[in-house]
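In: From the sequence below, what's the structure:
(chains A and B)
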Amino acid sequence: MAGRACVLVVTSDDDYGTDLVIQALAGTPVVRLNPGTGVGVDVELTAGRWRGTVGDGRRSIDIEEVCSVFWRWPDPPVGDPGIADEAARRWAAREDHHALYGLLRGLPVRWVNHPARSQAAEDKARQLTVAHRCGLTVPATLITTRGQAVRGWRPGLPLIYKAFRADGADEDCMVTASGVDRSAVPDRLLAAHTVQERVDGVPVRLTVIDQELFAVRITGTDLLDWRPVQGGLTYTPAEVPEPIRRGVLAYMKAFGLLYGAFDFLIPDGGPWVFLECNPTGQWGFVCRRTDLPITATLADLLRTPLRTTTDPVPCLAE
Amino acid sequence: MSSIVLDRPYGLTHQQPLGPEHTRPAILDLAAYDPDRQLTVIGDMPMTDHPQMDDSTTTWGTTGNDNKSDPDK
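Out: Residues are numbered from 1 along each chain as shown, chains lettered A, B, ... in the order given. This is a model prediction of the structure:
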């Protein structure tokens, strides 16, 4: 364990936000891997621990030297390019995936975030119940495949539709959270749909890193969903009310996260309303437009050693 | 009962295109990952030092340029 001092970053080449962390980690050994460029594994099980190196198509790292892992959006293994047969190459990619990810996911180090925890925290329906349990206010929400249920829900109150994932069905299209015209809702929705009672208020992006909270109010648009126009908006640092702070930290603990990008709304005169939390969301657009030390805080967390002999996701054994 | 019948999910009526100026600005064609520095460069300049960085760390949710929130694609 004595040799562990290197930050391992696992993400795609075009994860530009992570470049900010790489730069902030100057002076700290960093290895950035993208399994989509290739997979190299050479380890041996010795006295119950894996020893050796893992890598991608460019570089490798001694897994005993890893002190923390920053796991973002790695491209999946694609199989050795020297394999001409497509089926054989897919098989090889799958084997590479299980070897590499199985070895990495068991590393007893600091994870920001462990992919198993991020995956659990991605579930939007689960986010709302956990947020409620943590004392946060959540919007009235209906998830249904039936148009009749939407048309008859909370009569007279304004509703919005919100997709589970914002990426659309067509290239470069985004499904935005926007108002529902009940008269335009068909009986058959043809998919599961999330409908919420509309909450009017000022949007807040709250970036959480371990115990540190960085909130900005977002102004400059009347759109319900600010994302399509985010380049022209104003981001103003905001204080986080203590009840929200407690609730958010409880939420992070419930999912086992060390990083989270939360979206809230601040209604007139009411408590902040939790909308969602992306466990691998972007932060660069906030810190680039404010003085908030989000990137530096991330880098400090990653370079701080955490030594443990326990499984990084103990909930798997519960 | 509604007389409305759609051949695509209702949610896609809330889909909107974002222009290439947002989702794929031309400057990105000049960007390349530098495996030695372990970050993206535009010419010889780290992208983090380029104004394009502001719009390349946003939270677009578009197909082909998603915020890639799935941790294990």
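
In: Look at the closest residue in space to A:T310 that isn't next to it in sequence and give its secondary structure.
Out: Of all residues not flanking A:T310 in the chain, A:P108 sits nearest, at 6.1 Å (CB to CB, 6 or more residues apart in numbering or on different chains). (C-beta placed from N, C-alpha, C; glycine too.) Following DSSP: H, G, I helix; E, B strand; the rest coil, A:P108 is assigned to coil.

In: What is the burial count for A:P108?
Out: 16 (other CB atoms under 10 Å in any protein chain shown).

In: That one touches A:T308, doesn't it?
Out: Yes: if you go by CB atoms under 8 Å, A:P108 and A:T308 touch, sitting 4.6 Å apart.

In: What is the neighbour count of A:G106?
Out: By other CB under 10 Å, 13 other residues sit near A:G106.

In: returning to that earlier point: can you tell me how far the residue nearest to A:T310 is from chain B?
Out: For A:P108, the distance to chain B (CB to the nearest CB, to the nearest Å) stands at 19 Å.

In: Please tell me the pLDDT value assigned to that residue.
Out: Among the per-residue scores, A:P108 shows a pLDDT of 91.

In: Could I get the buried residue list for stretch A:161-180?
Out: Neighbour-count burial for stretch A:161-180, counted by 16 or more other CB atoms under 10 Å in any protein chain shown, picks out A:161-164, A:166-168, A:172-178, A:180.

In: Name the spans of the chain whose pLDDT lies under the cut-off.
Out: I went with chain A, as the question did not name one. Within chain A, the stretches with pLDDT under 70 are A:1-4, A:307, A:309, A:314-318.

In: wrong chain, I was asking about chain B
Out: Residues of chain B that meet the cut-off, pLDDT under 70, sit at B:21, B:60-73.

In: can you pull out the helices in it?
Out: Along chain B, counting by DSSP state H, helices occupy B:20-23, B:53-56.

In: what kind of secondary structure is A:R289 in?
Out: Taking three-state DSSP, the label given to A:R289 is coil.

In: For the closest residue to it other than its chain neighbours, give its distance to chain B.
Out: Once flanking residues are discounted, A:R289 sits nearest to A:Y235: 4.8 Å by CB to CB, 6+ apart. From A:Y235 over to chain B the distance is 11 Å, taken as CB to the nearest CB.

In: Give me the buried positions along the helix or strand containing A:Y235.
Out: In this structure, A:Y235 sits in strand A:234-238 according to DSSP states H and E. Neighbour-count burial for strand A:234-238, counted by 16+ other CB under 10 Å, picks out A:235, A:238.

In: Direction included, what does it pair up with?
Out: strand A:212-219 (antiparallel) (DSSP bridges).

In: Next, the buried residues of the partner strand.
Out: A:213-218.

In: residues making contact with it?
Out: Under the criterion CB atoms under 8 Å, 6 or more residues apart in numbering or on different chains, residues A:202-208, A:226, A:230, A:233-240, A:245, A:248, A:266, A:283, A:286-287, A:290, A:292-294, A:297 lie in contact with strand A:212-219.

In: Now restrict those to buried residues only.
Out: Buried residues within these, counting neighbours by 16+ other CB under 10 Å: A:203-208, A:226, A:230, A:233, A:235, A:238, A:240, A:245, A:248, A:266, A:283, A:286-287, A:292, A:294, A:297.

In: Now intersect the residues you listed with the helices, please.
Out: Filtering the buried ones among the contacts of strand A:212-219 for helices - DSSP H - leaves A:245, A:248, A:286-287, A:294, A:297.

In: mind listing the helices for chain A?
Out: Under the criterion DSSP H, helices of chain A are mapped to A:16-24, A:86-105, A:115-121, A:124-133, A:147-152, A:242-255, A:284-287, A:294-303.

In: Show residues contacting stretch B:34-49.
Out: Contacts of stretch B:34-49 (CB under 8 Å, 6+ apart): A:9, A:13-14, A:16, A:19-20, A:22-23, A:30-32, A:58-59, B:27, B:30-33, B:50, B:52-53, B:56.

In: Show me what from the stretch 1-150 of chain A comes close to chain B.
Out: For the stretch 1-150 of chain A, the residues in contact with chain B (CB under 8 Å from any CB of the partner chain) are A:9, A:12-17, A:19-20, A:22-23, A:30-32, A:58-59, A:71-76, A:101, A:113, A:115, A:118-119, A:122, A:147-148.

In: at 7 Å what do you get?
Out: The stretch 1-150 of chain A has residues A:13, A:16-17, A:19-20, A:22-23, A:30, A:32, A:58, A:71, A:73, A:76, A:115, A:118-119, A:122, A:147 near chain B, with proximity defined as CB under 7 Å from any CB of the partner chain.

In: what number of residues lie near the closest residue to A:G231 other than its chain neighbours?
Out: Spatial nearest neighbour of A:G231, excluding adjacent residues (CB to CB, 6+ apart): B:D55 at 5.4 Å. Using other CB under 10 Å, B:D55 is surrounded by 20 other residues.

In: Quick one: residues contacting A:L206.
Out: A:L206 sits next to A:213, A:215, A:240, A:248, A:262, A:264 when contact means CB atoms under 7 Å, 6 or more residues apart in numbering or on different chains.

In: Kindly state the beta-bridge partners for the residue nearest to the fifth one when sequence neighbours are not counted.
Out: Computed as CB to CB, 6+ apart, the closest residue to A:F262 that is not its neighbour in sequence is A:L206, at 4.1 Å. Applying DSSP bridges to A:L206 gives these bridge partners: A:A215, A:F262.
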